[in-house]
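[1] Quick one: sequence plus predicted model below, questions after.
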Amino acid sequence: MPPKDKDDKLPPAMGPGSKIRALIDALKKHLIITEDKKKRQLLIDFTSIGLKTLPIEIPKNEEVWSCLPIVIPGWLL
């Protein structure tokens, strides 16, 4: 959905100030954020689509890295 005004631009998908909501829907549906009282955790579930490499948008997204620890089932980091 395009922004309504010039001031309502989406944040960038990669780089400084990037947000998860700016990622494409194909990537967002595999990101699950869980929040406790003091921490946020990101679960990346790519097991159903058989990716061998992580899409470049994930490691370059600032909000993804603010959710440490990141859990990717079946991957060794």
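    Right, received. Where do you want to start?
[2] Going by residue numbers, what spans are helices in the protein?
    25-28, 62-65 (DSSP state H).
[3] Which elements pack onto the first one?
    To tie it back to what came earlier, the one meant is helix 25-28. Helix 25-28 makes packing contacts with no helix or strand when contacts are defined by 3 or more CB pairs under 8 Å, 6 or more residues apart in numbering; DSSP states H and E. (C-beta placed from N, C-alpha, C; glycine too.)
[4] pLDDT of it, averaged?
    Average pLDDT, helix 25-28: 87.
[5] buried set for that helix?
    For helix 25-28, the neighbour count (16 or more other CB atoms under 10 Å) marks Leu27 as buried.
[6] re the thing from before, format the helices of the chain as CSV; extra columns: distance to Ile44.
    Below are the helices of the chain laid out as CSV (distance: least, CB to CB, whole Å):
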stretch, distance to Ile44
helix 25-28, 9
helix 62-65, 8
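[7] what's the closest of these to Pro16?
    Nearest to Pro16 among these is helix 62-65; the distance by CB to CB comes to 6.4 Å.
[8] between the helices of the chain, which one is nearest to Asp36?
    Comparing the helices of the chain by CB to CB, helix 62-65 comes nearest, at 17.1 Å.
[9] Which positions within the closest one qualify as buried?
    63-64.
[10] what comes into contact with that helix?
    15-20, 31, 42, 58-59, 70 (CB atoms under 8 Å, 6 or more residues apart in numbering).
[11] any idea how far the closest residue to Met14 other than its chain neighbours lies from Leu23?
    Nearest non-adjacent residue to Met14, counting by CB to CB, 6 or more residues apart in numbering: Lys60, 3.9 Å away. Separation of Lys60 from Leu23 (CB to CB, to the nearest Å): 10 Å.
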